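**Student:** Structure for this input, please:
(4 chains)
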Protein chains: 2
Amino acid sequence: MDGTTASSTQLLRQINSGALLRFALEEQVFTAGEAMGATGLTRATVLGVCDGLVDAGWLEEVTDGGEAGPALKGRPARRYRLREAAGVVVGLDAGEGHLTTIVADLRGRELAKRRQSIDSHALGRAGRVAGAQELIRQALADAGCDAADVLLTVVGVPAPVDADGRSPGAGEFWQLMNSGFDQHLDGAVTIENDANLAAIAEHAQEPSANVATLLSGERFGAGLIVDGRLLRGRRGGAGEMRFLDILSDSKLEPEEGTSDGFGALARKWARTLVRSYGGDTSLRRIPDEDITAEDVFQSAREGDPLALDIIARLGARLARIAVVLSSLLDIERVVIAGGISRAIEPVLERARTLLPADSGLPLPDLVASTFGAEAVVHGAIESALTQFRREPMAFLPRAIRR
Amino acid sequence: MDGTTASSTQLLRQINSGALLRFALEEQVFTAGEAMGATGLTRATVLGVCDGLVDAGWLEEVTDGGEAGPALKGRPARRYRLREAAGVVVGLDAGEGHLTTIVADLRGRELAKRRQSIDSHALGRAGRVAGAQELIRQALADAGCDAADVLLTVVGVPAPVDADGRSPGAGEFWQLMNSGFDQHLDGAVTIENDANLAAIAEHAQEPSANVATLLSGERFGAGLIVDGRLLRGRRGGAGEMRFLDILSDSKLEPEEGTSDGFGALARKWARTLVRSYGGDTSLRRIPDEDITAEDVFQSAREGDPLALDIIARLGARLARIAVVLSSLLDIERVVIAGGISRAIEPVLERARTLLPADSGLPLPDLVASTFGAEAVVHGAIESALTQFRREPMAFLPRAIRR
DNA sequence: CAGGTTTTATTTGGATCTTATATTTAGGTC
DNA sequence: GACCTAAATATAAGATCCAAATAAAACCTG
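**Tutor:** Coordinates of the predicted model:
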């Protein structure tokens, strides 16, 4: 049962154990009979597999008479349930300016959450890793467990990430963000692009085989799910949006600022336009260099014409993105995620009016994420759970404490 | 061994049989010892599985002493090989103006090929199906086999195709092209978009996990392979290129002619521009309505300025496509397929000069397909082989003739 | 040509696992 | 308490795989 070189005879047991464990993840308590229905195996086999899973530490038998079902006749069934102490998963959003971590049990229930601001550029790679280690340690303590309980950790970083967890060597920034967490966190560690994790979170909440999730606060990144699968690209570059400015200006050279998210754009445009704008605008009361995206959205809510103009520009930009994604990838739904998602509704409304209604083909829904700033870390948890569910037997449960 | 409801104990045998059969597909003849190395099973097990496969009709034992290897000592090994008579696969390119079919053995060797022009609009759906049936019948006869030998048939149609083989109901044209072949062809039938099949063909010839294949003669379609997998989209719409004209004109309404391929564009642009063009051009010697794409490419080879201008426009269009695909999907290679691929090199050269050299990120290679007009039908064969290789035991070999 | 060597096929026994059938068990019901 | 029920157990049988021993078929050697 060492997992690495399972002889061919043990393969079947592995498969059956995995199927049963997946079933256990969906049920609170279950009997052999229920598992028979779910797995198609015989009672004898199910009980044998359950015994093995109890021995391994994945399941525990429920002994307290407790609440047996309503109409129970016959010999009472043995009941099993997932052993809560088998382990937990950890999700970490390792952003540029903050760290957020969630510890969750194997069913995805949140056990603890911690958030902390950081200055990545002052800390450097090692400092980011150390900060994450400490934050996770605290969250694990909050949840009443420790590092040995962690079966796997998923980390989201604001950089393209290839299938091996590495970022392209070109960008200094990317190397700083993808700080080498995999060597220093607990359990199996997976590094993933933050927008991709946000996409996974949205996909889990509202399953739809073709969704694009735009993580669009300060920087711009998109997580693309097509045919139910996340797109990555060889260097992890799938979901980059550089083409936007390239195409619209009818030239092929990328521009500066092309990776700015809606938040950054709102701020920059406001600071630039507030000078040349002819009419009256409440934004002028704020010193140029202090205008934030939030100011713009707030002014727009109050009907300020310049702010509304900026909203309209953002809406046009979003509409262009939506049309390209819908046309090229048959995307059905575009989700705006990240902290900005709470204020983005006016931009969505504007964009919807710009989508061509008569093109014959269905248009994508434009919606705001309900996760707020926590989309990435929730996606990390979801990604961890998905990995675990796919191959639960690839992990080892925390040994039974005596 | 009926395959449908294999009891759990038989699952392992299924798996091992499949692995062994896959191995047999790659070897001409093989011994148990070789199969042991490939599958990791014991000699006794391998021989047992081989016996089963011989009984089922997948393998046959090689008995003629023949050419045993060079230095052979010891007891001669029993040798097996794939039973050629077990079956064939059929690929069909069901285009708008022609049908092309290839019959291939399970190793992918071409046994017969037939091509025929058709008038789809005169024939209608039923006529297209009947034409395909007859053409395949002839090709099967050429190959010395009949309908009962066909394990599966893959059909490429110029329409979006969803995972169930259906095309969106909106377009009359699409319904005509996707003519309902699945009910009337032999073996298991898969319907697929033609550009997707071309992409599969290119992917098989030059494996690269991220390729876009543009099937770009009369109509425009792209097959996208990202992370080694074909993108489809819920309605099969992945790979549509409507966004091109939408974006470049800074408006969101699609235009007429936006689905034209390079061939159609060359012809249309030539017919329009030949009138307004100021200079001298050899295209003017041809009556407007008779100019073909081939005339344009021919004139360009002779240095005609108008033709060269059209080539440059096509090159710019291709460069824009390449930049978008590279940026959004991390595509590494863009292949131009279809009949036009033989003449497309000047356009590729032009496009390469337009790609931004200093964008920091790698740029996609632009290459012409080597399949010419047969990319789709070769992709159909390749797709059939891939399906077969994935789950060979899901098919039944043609019974042994007595 | 007898015997040795080498390589493989075949046989045999043991272990594991699934299935099917029969038996036992723990409760409820009349 | 007799009876019923549904589930757990026990038992037997079949299938599969592996490991080791045995047998066979070719070649090589002297």
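**Student:** Secondary structure element holding the closest residue to A:Asp330 other than its chain neighbours?
**Tutor:** The shortest distance from A:Asp330 to any residue other than its chain neighbours is 2.4 Å, reached at B:Gly233 (CB to CB, 6 or more residues apart in numbering or on different chains). Backbone N, C-alpha and C define where each C-beta goes, glycine included. Following DSSP states H and E, there is no helix or strand that holds B:Gly233.
**Student:** which residues sit in contact with B:Gly233?
**Tutor:** B:Gly233 makes contact with A:210, A:226-227, A:329-331, B:160, B:162, B:239, according to CB atoms under 8 Å, 6 or more residues apart in numbering or on different chains.
**Student:** And for A:Gly156?
**Tutor:** Taking CB under 8 Å, 6+ apart as the criterion, A:Gly156 is in contact with A:91-95, A:192-194, A:196-198, A:376-377, A:379-380.
**Student:** do the same with A:Val88
**Tutor:** If you count contacts by CB under 8 Å, 6+ apart, A:Val88 has them with A:103-106, A:111, A:140, A:143, A:145, A:149-151.
**Student:** and the gap between it and DNA strand C?
**Tutor:** 28 Å (CB to the nearest atom of the strand, to the nearest Å).
**Student:** who's that residue bridged to?
**Tutor:** Following DSSP bridges, A:Val88 is listed with bridge partners A:Asp105, A:Val150.
**Student:** Can you tell me which residues in chain A are near DNA strand D?
**Tutor:** Contact residues, chain A versus DNA strand D (CB under 7 Å from any atom of the strand): A:7-9, A:31-33, A:43-44, A:47, A:73-78.
**Student:** Of the residues you listed - the most surrounded one?
**Tutor:** Each of the residues of chain A next to DNA strand D was scored by neighbour count (other CB atoms under 10 Å in any protein chain shown); the top score is that of A:Ala32, with 21 neighbours.
**Student:** Read off the pLDDT value for A:Arg275.
**Tutor:** The predicted local distance difference test score for A:Arg275 is 80.
**Student:** So it: helix, strand or coil?
**Tutor:** Applying DSSP: H, G, I helix; E, B strand; the rest coil to A:Arg275 yields a three-state assignment of helix.
**Student:** Do I have it right that it meets A:Glu289?
**Tutor:** No - with contact defined as CB atoms under 8 Å, A:Arg275 does not reach A:Glu289; the gap is 11.9 Å.
**Student:** For chain B, tell me whether the strand or helix carrying A:Arg350 is touching it.
**Tutor:** Counting by DSSP H and E, the element that carries A:Arg350 is helix A:345-354. Yes - contact of helix A:345-354 with chain B (CB under 8 Å from any CB of the partner chain) involves A:Leu354.
**Student:** Only alpha carbons, please: show that helix as PDB.
**Tutor:** Output in PDB follows, covering the C-alpha atoms of helix A:345-354 (Å, rounded to 0.1, in the frame of the first residue of the first chain):
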ATOM      1  CA  GLU A 345     -22.200  46.500 -11.700                       C
ATOM      2  CA  PRO A 346     -22.500  49.800 -13.500                       C
ATOM      3  CA  VAL A 347     -19.700  48.800 -15.800                       C
ATOM      4  CA  LEU A 348     -21.500  45.500 -16.500                       C
ATOM      5  CA  GLU A 349     -24.700  47.300 -17.300                       C
ATOM      6  CA  ARG A 350     -23.000  49.600 -19.700                       C
ATOM      7  CA  ALA A 351     -21.200  46.600 -21.400                       C
ATOM      8  CA  ARG A 352     -24.500  44.700 -21.800                       C
ATOM      9  CA  THR A 353     -26.000  47.600 -23.800                       C
ATOM     10  CA  LEU A 354     -23.000  47.500 -26.100                       C
END
